[in-house]
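K.L.:
mind looking at a prediction? Sequence and model below.
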Amino acid sequence: MRVRFAPSPTGSLHVGGGRTALFNWLFAHGEARRQGKDGAFVLRIEDTDQKRFVQDATQGIFDALGWFGLTWDEGPDRGGPYGPYTQSERTTLYREHADRLIAQGQAYRCFCTPERLERVREEQRARKQPPGYDRHCRNLSATEVEENLTAGKSFVVRFATPLEGETRIVDLLRGEIVYQNENLEDLVLLKSDGFPTYHLANVVDDHLMAITHIMRGDEWISTAPLHVLLYGAFGWEVPALAHMPLILAPGGGKLSKRHGSTAMEEFRAQGYLPEALMNYLALLGWSFDGQTEIFSPEDLLEKFTLERVSPSPATFDYAKLRWFNAHYINHVLTLDDLAARVVPFLAAAGLVDSGASDPGHTDYPLVRDAAALLKDRLETLADAPDLMRSFLQDELEPYDPTLLVPKKLGVLETLDALVAVERVLDDGLDVADEVATEARLRGLAEELGLKAGQLFMPIRVAVTGRTQSPGLFETLRVTGTVRCRERIAAAIALLRDHGDETLTAD
RNA sequence: GCCCCCAUAGUCUAGCGGCCCAGGACGUCACCCUUUCAAGGUGAAGAUCGCGGGUUCGAAUCCCGCUGGGGGUACCA
């Protein structure tokens, strides 16, 4: 069984496209191969629209799919027995096929200008008729065609759609759908610039590339009968069709920038793990048993069946994606894996050297320790710089001194408490020993007549610059005795500097 | 306007005639844990299965209509 993913390089890969690619990949490398069949996933670039072509988009698609974890068996970059896999390199093929249809009388040259087409449509709209091509050139005589040709008029090639009867398509997810031919149009197969439209190129390539199953977005379902008619005109067998449900935006309609990220590369940049995105996207339209939620790529390969893909459109839920991502960070990734993945984000923030993902690097142990403390509150890898900063730099970012003063405690008491902590550190307390540190600080709280929390909060703020952090003692341990000592001293100085105003305000 | 698709809680879904006065997950709320915040644990609220007709002893499940949402209606894919 052979499937294909056929994006057009008009921009970055949309999550909808990413999911279509995923389902194709899961079908070929999972379902097909499990059945002992040959399962090939073909990547084809459909760059037939010269106006919308974007220079580096193809590379961007390769990168996005590669990051996502999909591998293709045949494609522009790796070749294969049915190449070339880029449509702009196959234009003679399409022209030959268009000519063949003209010779068979199943396609014709249309010399109508865009202006005329527009005028016709407007008149139809004015008369409240369905807009569409009026088939003006469908019955031009051979001599008329010759005249136009010798006059050098530009033309497109249109398919001569049957005027009556019906066309049936079988969608694997929906069953049979019947279309009345009278409602179908004479679609353009070849544009005046000699490039094919999607319809021609797609049908020709899918056949020539021996594609057995077409799994594509739902937006193609209404042109499917035209494609089936085309297969028929060529005398080819129609591949199995399955239209994947659309992904909708939270408020309804298409998912666009307005709602948040839409491109695969954006999710990557925002610190989403490919396996979390894959898990989430797989469950948007597919389910295994309605109970299981967590599926590794291997699980998906093992469990995916096209049969269990739902035909109804699904709304993209950013909150649930975040949950999956946090879950993978916290419960699925190993610490070493997480540390390595977090480094690019930390490096971009200037917190560590980009080589720190190497276990042999001097910064690595610190990153790993910090990751161990913070993994339960990282929703995305991009949260890492902010949350891990205090462990990775000597100097703390400036913070509001009033944070040091806990509720129900005065500035002077807080000052006393911090001075006491400083003394404890000077007496040789080693924060590397969490148990000893906790015992000593709890004891200190008692000596000072404070609740543990009242002592812990000023320390936490002094050491991290914020009121929220992992457990205090592990935080101190990873921060290190020297930095702790410096930061306590800095906090004391800070409180003294702001003492006057704070005291009078108190 | 015309053609087509879809329709279970705010969201993703299980369900394919009786096991369902509907199960799981996200989100929400509460409680527990607790040095803060998370994470985790427990629990709760939330769906007259879009509406109306049928078919059937029996329907979320089958049929029809309606409504709603979505897609297409390009020399874009």
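P.N.:
Cool, the structure landed. Residues are numbered from 1 along each chain as shown, chains lettered A, B, ... in the order given.
K.L.:
please, which helix or strand holds whatever residue of chain A ends up closest to RNA strand B?
P.N.:
Relative to RNA strand B, the nearest point of chain A is residue A:290 (2.3 Å; C-beta to the nearest atom of the strand). Quick note: C-beta positions are derived from backbone N, CA and C, even for glycine. In the assignment (DSSP states H and E), residue A:290 maps to no helix and no strand.
K.L.:
tell me who's in contact with it.
P.N.:
For residue A:290, the contact set (C-beta atoms under 8 Å, 6 or more residues apart in numbering) is empty.
K.L.:
the one 5 residues further on now?
P.N.:
Under the criterion of C-beta under 8 Å, 6+ apart, the neighbours of residue A:295 are A:279, A:282, A:283, A:288, A:303.
K.L.:
export the residues you listed to a markdown table and append columns for neighbour count.
P.N.:
Formatted as a markdown table, the contacts of residue A:295 follow (neighbours: other C-beta atoms under 10 Å):
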| residue | neighbour count |
| --- | --- |
| A:279 | 23 |
| A:282 | 22 |
| A:283 | 18 |
| A:288 | 17 |
| A:303 | 18 |
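K.L.:
from those residues, which single one is nearest residue A:386?
P.N.:
Using C-beta to C-beta, the shortest approach to residue A:386 within those belongs to residue A:279, at 25.2 Å.
K.L.:
list the contacts of the residue nearest to residue A:403 when sequence neighbours are not counted.
P.N.:
Nearest residue to residue A:403, sequence neighbours excluded (C-beta to C-beta, 6 or more residues apart in numbering): residue A:461, at 4.8 Å. Applying C-beta under 8 Å, 6+ apart, we find residue A:461 in contact with A:399, A:403, A:404, A:467, A:491.
K.L.:
need the contact list for the spatially most distant residue from the centre of chain A.
P.N.:
Most distant from the centre of chain A: residue A:447, at 55.1 Å, with distances by C-alpha atoms, centre = their mean. With contact taken as C-beta under 8 Å, 6+ apart, residue A:447 is in contact with residue A:420.
K.L.:
look up how far residue A:367 lies from the residue nearest to residue A:403.
P.N.:
Going from residue A:461 to residue A:367 by C-beta to C-beta, to the nearest Å gives 23 Å.
K.L.:
do residue A:406 as well
P.N.:
From residue A:406 over to residue A:367 (counting by C-beta to C-beta), the distance is 31 Å.
K.L.:
residue A:325 now?
P.N.:
19 Å.
K.L.:
related to what we said a few turns ago, could you say which helix or strand contains the residue farthest from the centre of chain A?
P.N.:
helix A:434-448.
K.L.:
in the stretch 301-450 of chain A, where is pLDDT below threshold?
P.N.:
Within the stretch 301-450 of chain A, no stretch has pLDDT under 70.
K.L.:
how about the strands in it?
P.N.:
Ranges of strands in the stretch 301-450 of chain A, per DSSP state E, counting those that start in this stretch, are A:314-315.
K.L.:
which residues of it lie near RNA strand B?
P.N.:
Selection of the stretch 301-450 of chain A residues close to RNA strand B by C-beta under 7 Å from any atom of the strand yields A:308, A:310-315, A:317, A:319-320, A:322-323, A:326-327, A:330-331, A:376-377, A:438.
K.L.:
swap in the stretch 101-250 of chain A?
P.N.:
Residues of the stretch 101-250 of chain A found near RNA strand B (C-beta under 7 Å from any atom of the strand) are A:112-114, A:117, A:121, A:128, A:130-133, A:154, A:156, A:174-175, A:177-180, A:183, A:185, A:188, A:191-193, A:195-198, A:218-223, A:245-246, A:248.
K.L.:
just the buried residues of those.
P.N.:
Among those, the ones that count as buried by 16 or more other C-beta atoms under 10 Å are A:112, A:117, A:121, A:133, A:156, A:177, A:179, A:188, A:191, A:195-198, A:218, A:220-221, A:245-246, A:248.
K.L.:
just checking, which of these belong to strands?
P.N.:
A:156, A:177, A:179, A:188, A:248 (DSSP state E).
K.L.:
got JSON lines for these, with pLDDT too?
P.N.:
Output for those, formatted as JSON lines (pLDDT from 0 to 100):
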{"residue": "A:156", "pLDDT": "97"}
{"residue": "A:177", "pLDDT": "95"}
{"residue": "A:179", "pLDDT": "95"}
{"residue": "A:188", "pLDDT": "97"}
{"residue": "A:248", "pLDDT": "95"}
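K.L.:
make CSV from these and add distance to residue A:481 to it.
P.N.:
Output for those, formatted as CSV (distance: C-beta to C-beta, whole Å):
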residue, distance to residue A:481
A:156, 78
A:177, 72
A:179, 76
A:188, 75
A:248, 54
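K.L.:
which one of the residues you listed is nearest residue A:11?
P.N.:
The nearest one, if we look at these relative to residue A:11 and count by C-beta to C-beta, is residue A:248, at 19.6 Å.
K.L.:
and the closest one, what is it in contact with?
P.N.:
Counting by C-beta under 8 Å, 6+ apart, residue A:248 touches A:254, A:255, A:313, A:314, A:315, A:316.
K.L.:
which of those sit farthest apart?
P.N.:
Top of the distance list for the contacts of residue A:248 (C-beta to C-beta): A:254 and A:314, 13.0 Å.
K.L.:
if I look at residue A:480, how far off is residue A:370?
P.N.:
Applying C-beta to C-beta, the value for residue A:480 to residue A:370 is 12 Å.
K.L.:
got CSV for the contacts of residue A:248, with neighbour count too?
P.N.:
Output for those, formatted as CSV (neighbours: other C-beta under 10 Å):
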residue, neighbour count
A:254, 14
A:255, 19
A:313, 14
A:314, 16
A:315, 13
A:316, 21
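K.L.:
please enumerate the helices of the stretch 51-200 of chain A.
P.N.:
For the stretch 51-200 of chain A, the helices defined by DSSP state H, counting those that start in this stretch occupy A:57-68, A:91-103, A:114-126, A:142-150, A:198-208.
K.L.:
format the ones you listed as TSV; extra columns: mean pLDDT and distance to residue A:415.
P.N.:
Shown next, in TSV, are these (pLDDT from 0 to 100; distance: least, C-beta to C-beta, whole Å):
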stretch	mean pLDDT	distance to residue A:415
helix A:57-68	98	51
helix A:91-103	97	79
helix A:114-126	90	79
helix A:142-150	96	94
helix A:198-208	98	73
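K.L.:
could you identify which of the ones you listed is most buried?
P.N.:
Across these, averaging neighbours per residue (mean count of other C-beta atoms under 10 Å) puts helix A:198-208 on top, at a mean of 22.
K.L.:
centre of the chain versus that one, how much separation?
P.N.:
27 Å (C-alpha atoms, centre = their mean, to the nearest Å).
K.L.:
now swap in stretch A:281-297 and tell me
P.N.:
The answer for stretch A:281-297 is 17 Å, by C-alpha atoms, centre = their mean.
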